[in-house]
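1. Starting from these lines, generate the structure:
(one chain, ligands or ions: 1)
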Amino acid sequence: MRELSPSTQLAYSKFALHQDATQTFAGRRLVEITWSQFSQLTMILQEVFYVHRYSGSISLSSAALISSSYAIFTVVTYWFSTYVAPEEYSQPQCRTGIALFVFGEGVNLYHHFILSNLRTTGPNQYKLPQGGLFRYIWCPHYLGEIISFMGIALISQHLYVALLQVSSSLYLCTRAYNTKKWYKEKFGSHHERWCVFPWIF
Ligand SMILES: NC(=O)c1ccc[n+]([C@@H]2O[C@H](COP(=O)([O-])OP(=O)(O)OC[C@H]3O[C@@H](n4cnc5c(N)ncnc54)[C@H](OP(=O)(O)O)[C@@H]3O)[C@@H](O)[C@H]2O)c1
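-> All right, here's what the predicted structure looks like:
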């Protein structure tokens with residue numbers, strides 16, 4: 001019904017009387033956020049299908065938990081991102097976020113290729129990863145992912161989205177800590193590297 005009156009019709013068509021800047025701005029925000037979330041999902045899927053040969057399987061309940069958390073995170077990220085007012089939004093910060101996102105995903109992918117090349121004979125083979133940032137840390141692919149999380153926070157510029165990305169980063173840090181423990185048990189303690197942030201953690 002609101003479309004019948006020029007004063008209440010939605011301001012997105014050629015015949016609309018006024019252009020709602022906030023709405024246009026929110027639309028652009030969605031394009032940038034959709035691009036980053038979609039790229040991240042595409043990267044994960046191509047890693048799973050084309051890069052790695054996994055040694056084990058995953059239970060349906062874990063797969064459902066991971067997929068639904070990812071979906072909820074994506075929707076929440078969209079939702080909050082549209083609440084940033086145009087006058088508070090910084091374009092240079094957004095461009096820095098896009099650059100960080102692309103760089104982080106590149107770091108992630110490069111180290112996934114190093115990991116996948118360790119398996120020459122079969123899926124249950126483990127070797128010490130060498131090259132790239134593996135010289136200093138056990139999980140450079142997680143570091144890459146964390147950099148791209150920071151990129152998403154800068155693209156969104158909403159505090160709650162930033163907090164979500166920090167929580168995902170802490171989750172990856174915990175996995176990196178467990179990975180370091182696992183390498184120590186498997187290959188001995190004389191192979192010393194940081195978990196994920198060189199000289200920090
Ligand atoms: N958004 C999030 O919250 C979130 C959470 C978790 C992970 N991720 C992302 O998902 C991606 C995969 O994470 P992940 O925890 O599955 O990585 P991962 O444990 O390092 O495993 C990746 C693949 O490499 C293999 N691999 C690892 N170390 C190896 C070694 N020393 N020798 C031979 N093969 C080895 C693994 O073998 P196995 O099959 O035997 O394990 C697996 O196939 C990462 O990019 C990560 O950042 C995102």
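2. residues touching His112, list them.
-> Glu47, Val51, His52, His141 (C-beta atoms under 8 Å, 6 or more residues apart in numbering). All C-beta atoms are positioned from the backbone trio N, CA, C, and that covers glycine.
3. oh, I was asking about Phe73
-> Residues in contact with Phe73, defined by C-beta under 8 Å, 6+ apart, are Leu164, Ser168.
4. which stretch of helix or strand covers it?
-> helix 60-81 (DSSP states H and E).
5. list the buried ones in that helix?
-> For helix 60-81, burial by neighbour count (16 or more other C-beta atoms under 10 Å) applies to Phe73, Thr74, Thr77, Tyr78, Phe80, Ser81.
6. Tell me the spacing between the first one and the ligand.
-> To the ligand, Phe73 is 8 Å away according to C-beta to the nearest ligand atom, to the nearest Å.
7. Equivalent analysis for the third one, please.
-> Here the distance between Thr77 and the ligand works out to 12 Å (C-beta to the nearest ligand atom).
8. helix/strand/coil for the spatially closest residue to that residue that is not a sequence neighbour?
-> Leaving aside its chain neighbours, Thr77 sits nearest to Val161 (5.3 Å; criterion: C-beta to C-beta, 6 or more residues apart in numbering). Here Val161 is recorded as helix under DSSP: H, G, I helix; E, B strand; the rest coil.
9. Just give me the neighbour total for Arg54.
-> In this structure residue 54 is Tyr, not Arg. Residues within reach of Tyr54, counting by other C-beta atoms under 10 Å, total 9.
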